[in-house]
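**Student:** structure for the following, please:
(one chain, ligands or ions: 1)
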Amino acid sequence: MTQPVMVESPAANGVRARPRHLLDLAERSREEVAALFDTTDVMAQVMQRTIKKVPALQGFTVGMLFFENSTRTRISFERAARAQSADLVSFAAGGSSLSKGESLKDTLRTIDAMQADLYVVRHRAAGVPYQLARWTDAAIVNAGDGRRAHPTQALLDAYTFKTRFPGFAGFEGIRLAIVGDVVHSRVARSNVTLWTKLGATVTLCGPSTLVPPEFARLPGVSRHHRLEEALEGAHAVMALRLQRERMAAGLLPSTPEYVARYQLTEEALRHAHPEALVMHPGPMNRDLEIAGELADSERSVIEAQVANGVPVRMAVLYTLLVGKG
Ligand code: CP
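**Tutor:** Residues are numbered from 1 along each chain as shown. Model (predicted):
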């Protein structure tokens, strides 16, 4: 168990922690994830207090660099920073000088001149957080880069399962089924990386155009095209949004056919474990990849996923800026 949340800010004492980054969960050990979940437990307690604020990151500045739209990730990182008394500087691509031709590097240098200690970065191009990490001394957190990775989403998904699955006793033997547009999904890639690292197995399901064969070559991962087979015995079932904005023409047979074969419904869930949790990273196309009534049902932990985004991201910011306690 990591130390409880500090009552005094190290930055206020002139102590600057050496920055590390969270770019991809492949670079994090199982032990590091366990420590992060322990810190998340502490942060979750903070978020249950009447006054949801601690001075743990007082004196630190968190820069929000969102070159691509976001609701959940952006707001929860801001909440996570403010709840720990950090200062925020925010950048959104829309309305910025990028539209006047300023380069990514010059944009970062401009923002870096305002001396943030950590940047939370989302970009439509894979690898941009790595590039920014080479251009700044600040810590970088990947908040989603192209189709490649969305590490904090996978962390909050696994943390939600850990805290909500009845009688949870570890990820060994747990089966996660991910259904839908896997090929365009950074959430799917990060969840495959994380859940298999923790000892679970992952089944991917969808039409072959959306779940290419190379995914099934990863250890602990299998691929099915029939929904009932993919859900058989699953302890958690995650529906993915059809990402039409990233999709080339011809990848989907037709929307009604997709709904008939792959929509997550109460009926389809009968094949899963009796206490299986229903998940969706959001934003969701209600009644497309998931039936609205299932999304709103007692089996759904979709709102818990959003709520857990705050303590998980508090733990990420704290761990990178201050250390393990
Ligand atoms: N899950 C997720 O990344 O949602 P946002 O795009 O709203 O941040």
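
**Student:** contacts only, for residue 111.
**Tutor:** Applying CB atoms under 8 Å, 6 or more residues apart in numbering to residue 111 gives the contacts 63, 65, 89, 91, 119. Just so you know, the C-beta spots here come from the backbone N, C-alpha and C atoms, and that holds for glycine as well.

**Student:** check residue 128 too.
**Tutor:** Residue 128 neighbours (CB under 8 Å, 6+ apart): 67, 104, 121, 145, 146.

**Student:** got the residues of the stretch 101-250 of the chain near the ligand?
**Tutor:** Within reach of the ligand by CB under 6 Å from any ligand atom, the stretch 101-250 of the chain has these residues: 144, 150, 153.

**Student:** residue nearest the centroid of this structure?
**Tutor:** The residue lying closest to the centre of the chain (CA atoms, centre = their mean) is residue 153, at 0.8 Å.

**Student:** state the distance from that residue to residue 259.
**Tutor:** Computed as CB to CB, to the nearest Å, the residue 153 to residue 259 distance reads 25 Å.

**Student:** quick revisit: quick one: which of the contacts of residue 128 sit in helices?
**Tutor:** residue 104 (DSSP state H).

**Student:** mind putting the contacts of residue 128 into a markdown table with neighbour count and pLDDT?
**Tutor:** Output for the contacts of residue 128, formatted as a markdown table (neighbours: other CB atoms under 10 Å; pLDDT from 0 to 100):
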| residue | neighbour count | pLDDT |
| --- | --- | --- |
| 67 | 19 | 92 |
| 104 | 16 | 87 |
| 121 | 26 | 96 |
| 145 | 26 | 97 |
| 146 | 17 | 95 |
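
**Student:** am I right that the residue nearest to the centre of the chain is in a strand?
**Tutor:** No. Membership of residue 153 in a strand is not supported by DSSP: H, G, I helix; E, B strand; the rest coil, which gives helix.

**Student:** looking at strand pairing, list the partners for residue 121.
**Tutor:** Judged by DSSP bridges, the bridge partners of residue 121 are residue 65, residue 142.

**Student:** wait, it sits on residue 138?
**Tutor:** No. Applying CB atoms under 8 Å as the test, residue 121 and residue 138 come out as separate, 10.4 Å apart.

**Student:** let me know the pLDDT of residue 243.
**Tutor:** According to the prediction, residue 243 has pLDDT 79.

**Student:** can you classify the residue lying closest to residue 251 once chain neighbours are set aside as helix, strand or coil?
**Tutor:** Using CB to CB, 6 or more residues apart in numbering and skipping the chain neighbours, the partner closest in space to residue 251 is residue 209 (4.5 Å). Classification of residue 209 using three-state DSSP returns coil.

**Student:** what is the neighbour count of residue 209?
**Tutor:** 14 (other CB atoms under 10 Å).

**Student:** so where is this structure shaky, pLDDT-wise?
**Tutor:** Applying pLDDT under 70 to the chain flags the ranges 1-19, 245-250, 324-325.

**Student:** so where do the strands sit in it?
**Tutor:** Ranges of strands within the chain are 61-66, 87-92, 118-123, 139-145, 175-179, 201-205, 221-224, 236-239, 277-279, based on DSSP state E.

**Student:** by contact count, what packs against the first one?
**Tutor:** If contacts are counted by 3 or more CB pairs under 8 Å, 6 or more residues apart in numbering; DSSP states H and E, strand 61-66 sits against helix 72-82, strand 87-92, helix 104-112, strand 118-123.
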